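Asks: Dropping the sequence and predicted coords here.
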Amino acid sequence: MGYHLGKALLVGLGLGGGMTAVFRDPAHVWNYLFVSCLCSVVIGLGFHALPPGFLEPTQGRSPRMAVWRMQVKWLGICLLLVASCLGLLQLIFGRRLDGATLTVVPLVALLITSLVVGQHTATALVARTRSLEQTRAHAGFLALQAQIQPHTLFNALNTILALVRTHPEQAEAATRHLSRLLRRTTAALDQEAWPLADEFQLLEALLELERLRFGDRLSYTLTLAEDLRDRRVPPLLLVPLVENSLKHGFRAKVGPCTLTVVAEGRTLRVADDGLGRPVPVAEGVGLRTVRERLEALGGRMSWPETSTGCVVELELP
């Protein structure tokens with residue numbers, strides 16, 4: 001409430017100064033400031049005190065009817081608050097209000113109401129847009145889940161099948177890593193967010209499977225700052241980026257490849273020294289889902305320039 005009161009007083013002071021300049025009447029500047037501040041506080045706090053959702057469009061109505069009903073609500077509330085302002089002024093001054101006051105008060109009320117309506121409309125529009133972005137990002141997440149599990153399971157089973165006769169101990173290790181990977185992926189399905197520590201443990205299980213598959217050709221480093229272990233992020237946020245590096249940077253490259261994943265500050269960085277990326281980057285389901293989920297939360301994904309390999313950075317909100 002204190003924030004809204006201070007904001008209303010600042011608006012009132014600004015309008016009062018503006019009125020003084022418009023009417024070129026510095027002798028009555030204090031009257032203009034008082035009237036403007038009173039109207040700003042009464043109208044601003046009056047709109048703020050309305051029940052949540054009172055000014056939202058009525059559900060189940062046509063767009064034209066919903067807009068008409070909203071306009072009627074705005075007008076009715078504005079007239080009621082203007083009447084309250086006039087009544088307070090008459091009570092304070094103890095006499096009948098003059099024509100100048102009766103002109104200034106509705107004008108100030110109109111300006112303040114316009115500011116309130118504009119802010120409310122812009123806030124509602126941004127919230128609605130963000131909600132649509134989050135809905136689309138969640139749909140992409142569902143598509144990502146459907147893509148990752150069969151793909152990962154297929155590769156892992158092929159790895160275990162190749163190792164089971166010649167390297168049974170490695171096949172057993174691959175089975176354990178697959179179990180960890182599937183357990184953590186399944187745990188991610190019902191969560192909107194989970195700790196970065198869980199995301200890194202999932203990456204470790206995935207990369208251990210890949211290292212058993214490709215041997216010494218693949219090396220990796222996972223670095224998670226201690227103060228970020230409990231930082232909550234959307235689940236499976238980094239998996240598509242790591243798989244993108246393995247698929248496009250590593251598998252087509254002759255010789256060893258190194259992959260690093262670093263979480264520091266608000267930045268998550270995935271880098272490899274593979275073949276690099278095409279320009280522009282072709283976004284499949286995985287990359288598009290990562291970007292949309294991050295942007296829906298207020299973060300962003302970028303591709304910094306690098307002399308070798310590929311780097312992608314996620315800036316958390």
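Replies: Right, received. Where do you want to start? Predicted model only: the values in this text are computed from it and were never measured.

Asks: make it CA atoms for all contacts and neighbour counts henceforth
Replies: OK.

Asks: SS state for residue 221?
Replies: With DSSP: H, G, I helix; E, B strand; the rest coil as the basis, residue 221 sits in strand.

Asks: And residue 255, by the same measure?
Replies: Assigned with three-state DSSP, residue 255 falls in the coil class.

Asks: show me where the stretch 151-300 of the chain has helices.
Replies: Per DSSP state H, counting those that start in this stretch, the stretch 151-300 of the chain carries helices over the ranges 168-188, 196-214, 239-244, 285-296.

Asks: Kindly calculate the angle that the second one makes with helix 168-188.
Replies: Right, the one you point to is helix 196-214. Going by axes from the mean of the first three to the mean of the last three C-alpha atoms, to 10 degrees, helix 196-214 is angled at 150 degrees with respect to helix 168-188.

Asks: in helix 196-214, what counts as buried?
Replies: 196-200, 202-213 (16 or more other C-alpha atoms under 10 Å).

Asks: Please apply the same query to the longest one.
Replies: Residues 170, 171, 174, 175, 177, 178, 180, 181, 182, 184, 185, 188 are the ones in helix 168-188 that count as buried (16+ other C-alpha under 10 Å).

Asks: Residue 315: which of those is nearest?
Replies: Using C-alpha to C-alpha, residue 188 comes nearest to residue 315 of the buried residues of helix 168-188, at 21.0 Å.

Asks: for the closest one, what are its contacts?
Replies: Neighbour list for residue 188: 194, 235, 236 [criterion: C-alpha atoms under 8 Å, 6 or more residues apart in numbering].

Asks: run the last query once more with 6 Å
Replies: Residue 188 makes contact with residue 235, according to C-alpha atoms under 6 Å, 6 or more residues apart in numbering.

Asks: so how far is residue 227 from it?
Replies: 22 Å (C-alpha to C-alpha, to the nearest Å).

Asks: again, but for residue 13
Replies: Taking C-alpha to C-alpha as the measure, residue 13 falls 45 Å from residue 227.

Asks: Show me which of the two is the more surrounded one.
Replies: Comparing residue 13 with residue 227 by neighbour count (other C-alpha atoms under 10 Å), the higher total belongs to residue 13, at 21 against 10.

Asks: ok but that one is inside a strand, no?
Replies: No: assessed with three-state DSSP, residue 13 is helix; it does not lie in a strand.
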